[in-house]
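Chemist: quick one: sequence and predicted model below, then my questions.
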Amino acid sequence: MPSHHQDYTLEGVGPCLRLVNADELLPVLTAAMPGWPLTPCAAQTQSPEICVWRHPQGYWQEAPALPVGALLDSAVGTACSVIADAAGAYFYRHPELVGLHCGSVEINGQLVIFPDTYRAGKSTLTAAFAAAGQRVFGDDVLALNKQGEGIALGVAPRLRLPLPDAMSLEFRQFVQTHLGPQDARYGYLRLDNTQLASHGQRCPLGAILLIDRDESLNEPQLTRLQPGDGLWQLLQQNFAEHESDQALIERFLPLLEGLPCFLLRYRDAFDAAQWLTKRWGSDTLESLAPASQPHCHTPDVIPALEPTDARQWQASEAAFEFPLGDELFVIAEEGGAIHRLNTTSRAVWALLNHEPLDLDSVSDTLTGFFAGAKFEQVRQDVAQLLAQFYHAGLIKDVNA
């Protein structure tokens, strides 16, 4: 069939997109990135790096991240792919910026950023903050400059569909009212310029939220955490990959480690967004956290278990897990301290979550796991570790 194509430019990127017989994709892209408008431009002598063709089964896209191309079955799925490539092109052209994969909303004149976790969706929480009246800077990517300011790309939040029935009625109504382009899996929200920051708009970072959704909670809980090794690892895995990790840390950790860091636990995202913004609007975020602020725990010198200790140990039901990259942080709710588990202690924790075990059983399992390890040395280390777990309230004697 005859080929018709149109090239488009984006602010901060330049000519970067060509649509070939795919004009019907333009309104979907426009609705998905309303704060970052595509502007028609003269046909480029060299094809732009992102190209989309209409295909009998959907759309065919080629881009630097898709060197052999990809077939996408819906306009919304194609828009998602194009936006990801456009964001990549933006950061490639602006090496002075770092891209953080996180949700970000402006509350009380400051940006709150929250990475995704396996228990809570950053896009859902971002949309919930929009429903609670806060301005969104993004639900997936945020640019960060050397001055510690977040810079919006202008992309609308994208929600997984259908929404769970457990979501609050008010939030479901907000989504229904604002739902824009959608397919069977995802839908973009239509937000105006008071609800969504436009491309290039800046706001100083105010706080980092680690988020966790817990169905057992009656109301949201906010806990103050101290920036530490776990924090920089969290941020490191979210940095755009245009510099080495060491260079990124040297440039941006001084800006980020001074930010207050919190753990927000909640059952319903909209309730949590309302709860936090209502309180922060009338007070400082730090004052909302418990007075006895927990901290990344440095184990005290605790006597190890005796080699003859035969108690059966099991993980405490009250303990709460929060994974960060290759590490695991565990919080004993009653004590409030956050405990960083390395590979060995994480393995022991997993064993005790599975079934009650005594010192010898844990040591024997680990000896088989670590090639060349000697049972006596492993038991000595495990005896120390179990004593620390018990002292912290993370495990219990099942027969006590």
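Modeler: Nice, thanks for sending it over.
Chemist: mind checking the SS state of Thr78?
Modeler: Following DSSP: H, G, I helix; E, B strand; the rest coil, the label given to Thr78 is helix.
Chemist: least trustworthy helix or strand in the protein by mean pLDDT?
Modeler: helix 229-236 (a mean of 49; mean pLDDT, DSSP states H and E).
Chemist: low-confidence ranges, the stretch 51-200 of the chain, go.
Modeler: For the stretch 51-200 of the chain, applying pLDDT under 70 flags the ranges 116-120.
Chemist: burial check on Pro303, number of neighbours?
Modeler: 9 (other Cβ atoms under 10 Å). The way it works is simple: take the backbone N, C-alpha and C, and place the C-beta from them, glycine included.
Chemist: skipping its backbone neighbours, what lies nearest it in space?
Modeler: Using Cβ to Cβ, 6 or more residues apart in numbering and skipping residues adjacent in sequence, the residue nearest Pro303 is Ala387, 6.4 Å away.
Chemist: return the distance of that neighbour relative to Ala371.
Modeler: 26 Å (Cβ to Cβ, to the nearest Å).
Chemist: returning to what we had before: show me what contacts the residue nearest to Pro303?
Modeler: With contact set as Cβ atoms under 8 Å, 6 or more residues apart in numbering, Ala387 has these partners: 302-305.
Chemist: which of those fall in strands?
Modeler: Among these, no residue falls in strands (DSSP state E).
Chemist: ok, and the most crowded of those residues?
Modeler: Ranked by neighbours (other Cβ under 10 Å), the contacts of Ala387 are led by Leu305, which has 21 neighbours.
Chemist: tell me the confidence at it?
Modeler: The confidence metric pLDDT takes the value 93 at Leu305.
Chemist: any idea how far it lies from Asp360?
Modeler: 11 Å.
Chemist: and for Pro157?
Modeler: 52 Å.
Chemist: same thing with Met33?
Modeler: 59 Å.
Chemist: looking at the two, which one has more neighbours?
Modeler: The neighbour comparison of Met33 against Asp360 (other Cβ under 10 Å) goes to Met33, with 23 against 15.
Chemist: give the burial count for the nearest residue to that one once chain neighbours are set aside, as a bare number.
Modeler: In this structure, Met33 finds its nearest non-sequential neighbour in Val155, 4.8 Å apart by Cβ to Cβ, 6+ apart. Neighbourhood size, Val155 [other Cβ under 10 Å]: 26.
Chemist: hang on, Val155 packs against Asp140?
Modeler: Yes. Between Val155 and Asp140 there is a contact under Cβ atoms under 8 Å: 7.2 Å.
Chemist: dump the contacts of Ala387 into JSON lines; add distance to Cys41 as well.
Modeler: Output for the contacts of Ala387, formatted as JSON lines (distance: Cβ to Cβ, whole Å):
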{"residue": "Ile302", "distance to Cys41": "67"}
{"residue": "Pro303", "distance to Cys41": "72"}
{"residue": "Ala304", "distance to Cys41": "70"}
{"residue": "Leu305", "distance to Cys41": "71"}
